[in-house]
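1. generate coordinates for the sequence data below:
(one chain, ligands or ions: 1)
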Amino acid sequence: MKFCPNCHLSYDDSANVCGQCGGPLQMIPQQFRQQPQVAYDSADHTAEFSAQDISDNKVFAMLPYLMSFIGVIVALLAAPSSPYTMFHVRQGLKISVTSILVTIVGMIIPFLGWFAAGVCAIILLVVQIICFFRVCKGEAKEPPIIKNLSFLK
Ligand SMILES: [Zn+2]
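-> You can find the predicted model right below:
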């Protein structure tokens, strides 16, 4: 890529003079060229699992989001050799543990705690629904909000 130092217009490598002012063009150094922006999502682990694993074990991977601890146990028993299921078991456990902590806080602190616990319960429910639909699509992403709770890692 080349550019005109006068007009700040960019041109192909094949161009020799600026179409605007007719002046000479300069090469743009490699480090200033626009890199193609690849959206990289560090919470997206879908690529780490095989398509076979995902399609075979989707049903079990959904369970931790649908039935909390019972789903975790069923998934552990049903598909212990499936890395995809185990990923979602871990995420489901994080959500379940968070909801227990929220419930405890809600019980300890009157009024404000009840309100906060209620709001958190709704947020956690939404997170679970999002995670459930991601499993339906065969994805393996860490749950929103929950992934930022560092004490669960
Ligand atoms: Zn120019």
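2. which of the three states applies to the residue of the chain most remote from its centre?
-> Within the chain, the residue lying farthest from the chain centre (Cα atoms, centre = their mean) is Gly22, at 49.0 Å. Here Gly22 takes the coil state, with states given by DSSP: H, G, I helix; E, B strand; the rest coil.
3. next, give phi and psi for it.
-> Gly22 adopts backbone torsions of phi 80, psi 0, taken as degrees, to the nearest 10.
4. and Glu48, by the same measure?
-> phi -80, psi -10.
5. quick one, what contacts it?
-> 83, 87, 140 (Cβ atoms under 8 Å, 6 or more residues apart in numbering). Bear in mind the C-beta positions are built from the backbone N, C-alpha and C, glycine included.
6. cool, Lys58 as well?
-> 84, 135-136, 138.
7. filter those residues down to the buried ones and hand me the PyMOL line.
-> In PyMOL, this line selects whichever of these come out buried by 16 or more other Cβ atoms under 10 Å:
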select buried, resi 84+135
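8. how about the contacts of Lys58 in CSV, adding pLDDT, distance to Lys94 and secondary structure?
-> Shown next, in CSV, are the contacts of Lys58 (pLDDT from 0 to 100; distance: Cβ to Cβ, whole Å; DSSP: H, G, I helix; E, B strand; the rest coil):
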residue, pLDDT, distance to Lys94, secondary structure
Tyr84, 97, 16, helix
Val135, 96, 15, helix
Cys136, 96, 19, helix
Gly138, 95, 20, coil
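9. how about the closest residue to Val102 other than its chain neighbours, what does it touch?
-> What sits nearest to Val102 in space, not counting adjacent residues and going by Cβ to Cβ, 6 or more residues apart in numbering, is Cys120, at 4.3 Å. For Cys120, the contacting residues are 98-99, 102, by Cβ under 8 Å, 6+ apart.
10. out of those, which is nearest to Val72?
-> Checking these against Val72 with Cβ to Cβ, the nearest one is Ser99 at 12.6 Å.
11. for that closest one, the count of nearby residues, please.
-> 20 (other Cβ atoms under 10 Å).
12. was I right to think it contacts Leu124?
-> Yes: using Cβ atoms under 8 Å, Ser99 makes contact with Leu124 at a distance of 5.0 Å.
13. if anything else comes up later, I'll come back, but that's it for now.
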